[in-house]
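> Got a predicted structure plus its sequence, pasted below:
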Amino acid sequence: MKPLRTFARFVVATVALAGIPSYAASISMTCTLTKSSHDFLNSHGTARYMNGSGNYVNHEMDGDHIIISPWPYPACSYTTWRTTTEWAGDLTCGGQSGFCYRAQDTAYATDDPDVEQGMGSPRRCIDVDVEPPCEWSDCDGPPENCPLIVNLDKGPWRLTGLENPVAFDIDADGNPDTIGWTARGSRLAFIALDLNGNGRIDDARELFGNHTLLPNHSEAPDGFVALEQYDSNNDAVIDQSDAAWPRLLLWIDANHDGRSQAAELSAVSSTDIVGLGVRYRSIRRHDQSGNLLRYMGVVSMKNGKQPYYDVFFVER
């Protein structure tokens, strides 16, 4: 069977060096998805780093490769990767009758998350009489509730889905919701603000997401807009020059119970984080449990920069 057509595109980041004209770095990618006999799905993806002179060069990259069906179902197959040269990978999984699938690759430069690229394959359906009109995983509608999350390690993003959920009031309606969450023992941290000063994070109002209240008492559309309201000097970064910096918290739910304990909370200013960028872009990256990393910004650490995400958790 011939593979479906392959798509390739570039994402560009401009880098300015003292005394040297600015240049653009980019990542070129391909992603295919084919269906073989017995409804097995096969995906092949590639990624190569290109410098500003248009030459492919060795450069450390991180990424992931996934075959996924419409939200909120978990991935059919998923892997993460890291390389200092070009990457090529394959995934295989058994599809289910009545479902459509798509493959997706994501890659970014390890030392500069502004050089980032996502690539999706065309859709493949199994025993579907009439294909849904939507082109990707919004067929059933995206998840509705999100918080900003930052990874304090350089390792993979470890989230859980409905196979290991927690109960947390993610829509701030007074009732706990059964949702995906950060994994037990991970270093993923919610950015938070203890608004009522009771020493814990009560609900989504005290996280940064689409249920955070803005100064006009409306809800923010996403976590980055929610955080931006605290950018008092309008430089697109939340850092020690902003009045809210000493009040910002990180919550690592170490025991995965959806409840914040005092030992799980720490001041952002006491960590390696030195700045939270509020500029962001849509990337629509899915994980193996069906969670959607929908928007990406850049967090500045003492030892460099890395991406952080507005995560829309899968919900029951």
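Thanks, I have the structure now. Predicted, not measured: the structure shown is a model, and the values here were computed from it.
> so what secondary structure elements neighbour the strand ranked longest in the chain?
As assigned by DSSP state E, the longest strand anywhere in the chain is strand 20-35. Strand 20-35 sits against strand 10-17, strand 40-50, strand 100-109, strand 112-120, strand 124-125, with contacts defined as 3 or more Cβ pairs under 8 Å, 6 or more residues apart in numbering; DSSP states H and E. Every C-beta, even on glycine, is put in place using the N, C-alpha and C of the backbone.
> what is the mean pLDDT for that strand?
Averaged across strand 20-35, the pLDDT comes to 79.
> contact partners of stretch 49-63?
10, 15, 23-28, 47-48, 80-87, 105-111, 115 (Cβ atoms under 8 Å, 6 or more residues apart in numbering).
> Bridged to the closest residue in space to residue 252 that isn't next to it in sequence, which residues?
Distance criterion Cβ to Cβ, 6 or more residues apart in numbering; nearest residue to residue 252, sequence neighbours excluded, is residue 189 at 4.8 Å. Per DSSP bridges, the residues bridged to residue 189 are residue 150.
> tilt between whichever strand or helix holds residue 80 and strand 40-50?
Following DSSP states H and E, one finds residue 80 within strand 77-83. Orientation of strand 77-83 against strand 40-50 (axes from the mean of the first three to the mean of the last three Cα atoms, to 10 degrees) gives an angle of 20 degrees.
> what ranges do the helices span in the stretch 51-200 of the chain?
Applying DSSP state H, counting those that start in this stretch to the stretch 51-200 of the chain gives no helices.
> For it, which segments count as strands?
61-68, 77-83, 87-94, 100-109, 112-120, 124-125, 148-151, 159-160, 166-168, 177-179, 181-182, 188-192 (DSSP state E, counting those that start in this stretch).
> Show me the shaky parts of the stretch 101-250 of the chain.
Applying pLDDT under 70 to the stretch 101-250 of the chain flags the ranges 129-143.
> Looks like residue 228 contacts residue 278 (just checking).
Yes. Applying Cβ atoms under 8 Å, one finds residue 228 in contact with residue 278, separated by 4.2 Å.
> of these two, who's got more company?
It is residue 278, of residue 228 and residue 278, that has more neighbours when counted by other Cβ atoms under 10 Å, with 23 against 20.
> Next, the contact list for that one, please.
224, 227, 228, 231, 236, 237, 238, 297.
> same thing but at 10 Å, please
By Cβ atoms under 10 Å, 6 or more residues apart in numbering, the contact set of residue 278 is 148, 208, 223-231, 234-238, 297-298.
> Would you mind listing which of those residues are buried?
148, 208, 223-231, 237-238, 297-298 (16 or more other Cβ atoms under 10 Å).
> Identify the farthest-apart pair in those residues.
229 and 298 (18.7 Å; Cβ to Cβ).
> What is the neighbour count of residue 95?
Residue 95 has 21 neighbouring residues, counting by other Cβ under 10 Å.
> confidence score at it?
86.
> buried set for stretch 210-224?
210, 211, 212, 219, 220, 222, 223, 224.
> Out of those, which is nearest to residue 160?
residue 223 (19.3 Å).
> Residue 205: what secondary structure?
Of the three states, residue 205 takes helix according to DSSP: H, G, I helix; E, B strand; the rest coil.
> That one contacts residue 217, correct?
No. Here residue 205 does not reach residue 217: they are 11.5 Å apart, not a contact under Cβ atoms under 10 Å.
> For residue 193, give me its contacts.
201, 205-208, 212, 226-227, 230, 244, 247-249, 268.
> before we move on, the earlier item: what's the distance between the residue nearest to residue 252 and residue 208?
Residue 189 is 12 Å from residue 208, where distance means Cβ to Cβ, to the nearest Å.
> which residues do these two both contact?
148, 149.
> ok, the residue nearest to residue 252 - how many residues close by?
24.
> swap in residue 33?
With other Cβ under 10 Å as criterion, residue 33 counts 23.
> give me the beta-bridge partners of it?
residue 43.
> so what's it up against?
3-4, 6, 41-45, 67, 91, 101-104, 120-124.
> Need the winner for burial among the helices and strands packed on strand 20-35.
Compared across the helices and strands packed on strand 20-35, strand 100-109 shows the largest average neighbour count, a mean of 24 (mean count of other Cβ atoms under 10 Å).
> Residue 295 contacts residue 227, doesn't it?
No. Checked against Cβ under 10 Å, the pair residue 295 and residue 227 is beyond contact range at 11.2 Å.
> which neighbours do the two share?
148, 280, 310.
> wait, which of those residues is closest to residue 253?
residue 148 (14.4 Å).
> show me the residues around the closest one that make contact.
By Cβ under 10 Å, 6+ apart, the neighbours of residue 148 are 189-192, 207-209, 212, 222-224, 226-227, 276, 278, 280, 295, 297, 299, 308-311.
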